[in-house]
Structures are given as structure tokens and as C-alpha cells.
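Colleague: build me a model:
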Amino acid sequence: MMTSVIRTLSLVLLSISGALILTGIARATVVITGSSNNMDYQVSLVAQNLSVPWGMAFISPNQLLITQRHGEAVILDTAGNNRIQVKGLPDVAAAGQGGLLDVVAEPGYQQSNDWLYFTYSKMLGDQAVTVLARGKLKQDTLIQWQELLVADSATTSYRHFGSRIAFDQQGHLFFSVGDRGERPNGQDLTTHAGSILRLNMDGTVPTDNPFVSQPNALPEIWSYGHRNPQGLAYDRGNTRLWAIEHGPRGGDEINLIEKGSNYGWPVTSHGKEYWGPLSVGEATEKEGIVSPRKVYIPSIAPGSLLHYTGEAFPGWRGDLFAGALKLEHINRISLGKNGDVLSEERLLSPLKERIRALLQSPEGWIYFTTDSGNLYLISPKP
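Modeller: Next up is the predicted model:
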């Protein structure tokens, strides 16, 4: 009888232990606790020794695929105690701000048959371009690799590649491309640089894109006048797209992206010139140019954007979260019904980390990566 009881207790303990590992709590070390909007949270260090982890996507409830800017990717369990190298990735131009960048799983992703979408930089001759591609994951290998769009964005510069992906849940994807370090590209509709693009999931051009029928304009362009949008987030409840982008010296912007609209760069800017006698923008506002919903002076250097919809933190639902690189925090933006910015909160500054990617988990927790190579988790404090 006693042996049976001990065996039963052992099985229960093993079951509990396994559940903790599957939910990503085991082995994670709590490094910070805090409170926001009357909710207590804790921040746990899940994994270390990644190499500039630029993007991440859930490929199962308990597994993340994480891209690393130098050109490799890993599959990491959410407990942080097992990682597998991903095979089948293309060669990338890993220099400056370029390399293997974003990864997003298609809506309703099932690992057996669905697509993972990637952005990265690659060389065309002696110039670099931003690329959108997709592949299917079979165990640890990407197969059926397809380059959907090699952006018309070639320069010898290794900066301002963009490059984030968002889905509108209506069969389209959005894909951001920076101005590639050449300012006039922002107002030039004959290049993809300095634009946010809209494609069908297979890479074809939707017939209702704004410039499909316009001569001397690329049909993939959805909006233009962007400097370097490194955060995209789609608000499904309100069917609207948000972007956050780097200003020059000050003047980072949050924009509500509208079809066919011009967001001003380099004609308008809230930032300052790096050197003279060149000028950044002739004004902060101008007729025909959409003004940002929020401007950051000084720059926070945004590296990502998340629209939070989870149940774990009800006081954050509908808010935007941006990872700040230069000012080393997570920036929480509370929005009104019409997309007006109501307030801003700066979270996790004591970590002193350049925060790169943000991702909401199925539980409504928030995972984030840092340029130092760490993976962290924000979860409710027990």
C-alpha cells in the first residue's frame, strides 16, 4: 500500500515538473518585479548566449524559432533548456545593420504544413538589398524555400533595411523596408526603399493596392515617406496597422498607416541633422503628409512593436509595446478609441538592456530579446 502511494506521489510530482517545463517557468530566474496599471508582473531570464536575436515566432505552444542577425536561427523551448540549430537558411549579408532579420509564423500556423516568413539582407553584386522569403519547417530543416520579393532597394550602404512583417488576417502581409541610407528614396515611388509594402501571402500583388495602376510607381507599395520602420503591428480588432520608425537625431515616430499615404521623410522630420550643411526636413508638418501619432525626442531607438491582446494582463489590452534600443526599456503606449496616444510608460529600465524583439505568447505573456543575447519573459507575479 505504502509503495503504491509513493509511486502515485512520484507520478504527480513528475507531472507537475513536466507542466512547469512546458509552460516555460522551470529554470527561468526572476530578475525584476514591478507593477503597471495596478498589475504586478515579474521578469524572468529564460535563455542566454544568443547572437543579436532579431526576430522570433512560436512554432508550437512551447517552442520558439529565433533568428540571429549573423545568419543562423535556433529552435528554443520556452524553458530555455534545449536549443536546436535550424538548417536550410539562405546566405545573408550580415554586415552593419543587415543580416537575418524578422521571422513570423502565418496565422493559424501548424508546423506540419504551414509557412514561416523571413526577412533578411543579401548581396546583389556589390550592393545589399532587403528580401522577403518563406519556408516550411520539417523537424529542424527549412524546406520549399521561396524568395517572395527581392526588394528594389539596392545600395552599398549596410543600414536601414527595415524590416518587420505583420499580417492583417485577411490574406495579406505587410513588410517594411528602410530608406537604405539614401534619403531621397523616401519620396521615390520607383523604389521599395523607404516604404511599407503590402502583398498577398504568396508574394503576389493585391489588385487593390494604391499604386497598382499608377505609372512610375511600384505596385507593392502601401505607404511611403518612411526612414527606417523597425516595428509593425496589426490591430485586428480595429483593422489598422501601426508602425514605429527611427528618426535621425531625435524624432522617432509612431504612425497609424493608411493606404497610399505619405509619412514625410525626408521632407518633414521632427529630428535634427547629424552634420551641416545638409538639412533634415523643411518642416515638421506639411499639407499632404500624415503627421505621426507620437514623436520621441530624444530618440528611444525603437527596434520592434507589439499590439497586446492577451488575457494575462487585462490592463494592457489594446496597448502598443515598443522595444527601445538606445534608451534601454520597453515603451508602453496606451491608445484611445480613435488611435490617439493617451499615455506612455517606460518599463524595465533597471535591466539596462537594448531590447530588440517582442512576442506575445499563447498565455498572454510577453517574451522579449536583447542585443546582449538574452531571452526574457514578462509574466504575472504569483
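Colleague: which residue is the nearest non-sequential neighbour of Pro184?
Modeller: Nearest non-adjacent residue to Pro184, counting by CB to CB, 6 or more residues apart in numbering: Pro266, 7.2 Å away. Where C-beta positions appear, they are placed from N, C-alpha and C, glycine not excepted.
Colleague: now do the SS call for Ser334.
Modeller: strand (DSSP: H, G, I helix; E, B strand; the rest coil).
Colleague: okay, now it: neighbour count?
Modeller: 16 (other CB atoms under 10 Å).
Colleague: which strand residues bridge it?
Modeller: Ser343 (DSSP bridges).
Colleague: you'd agree it is up against Gly315?
Modeller: No. Counting by CB atoms under 8 Å, Ser334 does not reach Gly315; the two are 9.4 Å apart.
Colleague: and the residue nearest the centre of the chain, how close does it get to Ser112?
Modeller: Centroid-nearest residue in the chain, with CA atoms, centre = their mean: Ser304, separated by 4.3 Å. Ser304 sits at a distance of 28 Å from Ser112 (criterion: CB to CB, to the nearest Å).
Colleague: now Gly178
Modeller: With CB to CB as the criterion, Gly178 and Ser112 are 35 Å apart.
Colleague: these two: which is more packed in?
Modeller: Neighbours were counted for Gly178 and for Ser112 using other CB under 10 Å; Gly178 has more, 28 against 8.
Colleague: where does the more buried one land on pLDDT?
Modeller: The model reports Gly178 with a pLDDT of 96.
Colleague: circling back: which residues touch the residue nearest to Pro184?
Modeller: For Pro266, the contacting residues are 179, 183-184, 186-187, 227, 280-281, by CB atoms under 8 Å, 6 or more residues apart in numbering.
Colleague: let me have those in a markdown table, extended by neighbour count.
Modeller: Formatted as a markdown table, the contacts of Pro266 follow (neighbours: other CB atoms under 10 Å):
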| residue | neighbour count |
| --- | --- |
| Asp179 | 31 |
| Arg183 | 20 |
| Pro184 | 12 |
| Gly186 | 24 |
| Gln187 | 17 |
| Arg227 | 27 |
| Val280 | 21 |
| Gly281 | 22 |
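Colleague: in TSV: the residues you listed, plus secondary structure.
Modeller: TSV is the format used below for those (three-state DSSP):
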residue	secondary structure
Asp179	coil
Arg183	helix
Pro184	helix
Gly186	helix
Gln187	helix
Arg227	coil
Val280	coil
Gly281	coil
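Colleague: pretty sure Asp340 is touching Arg293, no?
Modeller: Yes. Taking CB under 8 Å as the definition, Asp340 is a contact partner of Arg293 at 7.0 Å.
Colleague: compare the two (neighbour count), which wins?
Modeller: Arg293 (18 against 11).
Colleague: what about the strands in the stretch 1-150 of the chain?
Modeller: 29-36, 39-47, 53-60, 63-68, 73-77, 83-85, 100-105, 116-124, 127-138, 141-150 (DSSP state E, counting those that start in this stretch).
Colleague: shaky segments in the stretch 101-250 of the chain?
Modeller: Judged by pLDDT under 70, the stretch 101-250 of the chain has no weakly predicted residues.
Colleague: neighbours of Gln169, how many?
Modeller: Gln169: 11 neighbours (other CB under 10 Å).
Colleague: tell me who's in contact with Asn38.
Modeller: Gly315.
Colleague: wait, Ile244
Modeller: Applying CB under 8 Å, 6+ apart, the residues near Ile244 are 229-231, 252-255, 302, 304-305, 320, 322.
Colleague: wait, a strand at it?
Modeller: Yes. Using three-state DSSP, the assignment for Ile244 is a strand.
Colleague: returning to that earlier point: tell me the secondary structure at the residue nearest to Pro184.
Modeller: Secondary structure state of Pro266, per three-state DSSP, is coil.
Colleague: what about the closest residue to Ile330 other than its chain neighbours, neighbour count?
Modeller: In space, and not counting its chain neighbours, Ile330 is closest to Leu347: 4.4 Å by CB to CB, 6+ apart. Per other CB under 10 Å, the neighbour tally for Leu347 reads 20.
Colleague: surely Leu347 touches Glu328?
Modeller: No. Counting by CB under 8 Å, Leu347 sits too far from Glu328 to count as a contact (11.0 Å).
Colleague: contacting residues for Asp152?
Modeller: Taking CB under 8 Å, 6+ apart, one finds 129, 190-193, 218 in contact with Asp152.
Colleague: let's see that with 7 Å instead.
Modeller: Going by CB atoms under 7 Å, 6 or more residues apart in numbering, Asp152 touches 191-192, 218.
Colleague: how far away is it from Ser36?
Modeller: 42 Å.
Colleague: sorry, back to before: mind listing what the residue nearest to Ile330 touches?
Modeller: 34, 36, 329-330, 332.
Colleague: switch to 10 Å and redo it
Modeller: 32, 34, 36, 41, 43, 321, 324, 329-332, 355, 366, 378 (CB atoms under 10 Å, 6 or more residues apart in numbering).
Colleague: partners of the helix or strand harbouring Tyr234 in the sheet?
Modeller: Assessed by DSSP states H and E, Tyr234 sits inside strand 229-235. With DSSP bridges as the test, strand 229-235 is paired with strand 240-245 (antiparallel).
Colleague: any idea whether Ile289 is helix, strand or coil?
Modeller: Under three-state DSSP, Ile289 comes out as coil.
Colleague: what's the overlap in contacts for Ser334 and Gly315?
Modeller: In contact with both Ser334 and Gly315: Asn37, using CB under 10 Å, 6+ apart.
Colleague: now distance to Asp202 and secondary structure too, for the contacts of Asp152, in TSV please.
Modeller: TSV is the format used below for the contacts of Asp152 (distance: CB to CB, whole Å; DSSP: H, G, I helix; E, B strand; the rest coil):
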residue	distance to Asp202	secondary structure
Thr191	23	coil
His192	18	coil
Leu218	18	coil
